[in-house]
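# predicted model and sequence below, questions to follow.
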Amino acid sequence: MTIELLGFPDCPNTAAMREHLAAALRELGGGLSFTDTNQETLPASDLRRGWPAPTILANGHDLFGMRAPSAPSMGCRMYPGGVPDAHVIAEKLRGDKAK
């Protein structure tokens with residue numbers, strides 16, 4: 001499974017999501033890791049810039065079911081109840097591994 005965290009420094013939730021994702025991967029064990037992608041460094045035409053930050057992609061798909069962007073327009077993402085905690089992320093990843 002490829003896991004990528006999309007975010008950028010000025011998005012206030014990116015750091016918290018990074019910490020929660022790292023904790024979720026520790027919870028899962030098995031040597032999983034993620035790529036931490038700063039969207040600001042991607043080419044202007046890269047559609048990964050269109051995912052609102054922070055977003056976790058598992059095998060190229062949003063872990064929380066958001067549809068893929070159609071334009072590379074950057075913005076911040078708000079999650080209901082705040083940034084998902086490590087346990088919620090781990091459960092989502094477990095489900096994604098089963099697919």
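Right, received. Where do you want to start?
# what's the span of stretch 36-56, first residue to last?
Stretch 36-56 has an end-to-end distance of 9 Å (criterion: C-alpha to C-alpha, to the nearest Å).
# what's next to it, contact-wise?
3-9, 11, 13-14, 17-18, 21, 34, 57, 62-64, 66, 68-77, 83, 89 (C-beta atoms under 8 Å, 6 or more residues apart in numbering). (Each C-beta comes from the backbone N, C-alpha and C, glycine too.)
# among those residues, which lie within helices?
T14, M17, R18, L21, I89 (DSSP state H).
# show the buried residues in those residues.
Buried members of these, scored by 16 or more other C-beta atoms under 10 Å, are T14, M17, R18, L21, I89.
# near the closest residue to the second one other than its chain neighbours, how many other residues are there?
Looking back up the chat, that one is M17. Distance criterion C-beta to C-beta, 6 or more residues apart in numbering; nearest residue to M17, sequence neighbours excluded, is P54 at 3.8 Å. By the measure other C-beta atoms under 10 Å, the count of residues near P54 is 26.
# same check, this time on T55
22.
# again with R49
22.
# shouldn't it be within a helix?
Yes. R49: assigned to a helix according to DSSP: H, G, I helix; E, B strand; the rest coil.
# burial count for the spatially closest residue to it that is not a sequence neighbour?
Ranked by C-beta to C-beta, 6+ apart and with sequence neighbours excluded, the top spatial neighbour of R49 is P72, at 3.9 Å. By the measure other C-beta under 10 Å, the count of residues near P72 is 16.
# across the sheet, point out what pairs with the most centrally placed residue in the chain.
Nearest to the geometric centre of the chain sits I56, at 1.5 Å (C-alpha atoms, centre = their mean). Listed by DSSP bridges, the beta-bridge partners for I56 are L5.
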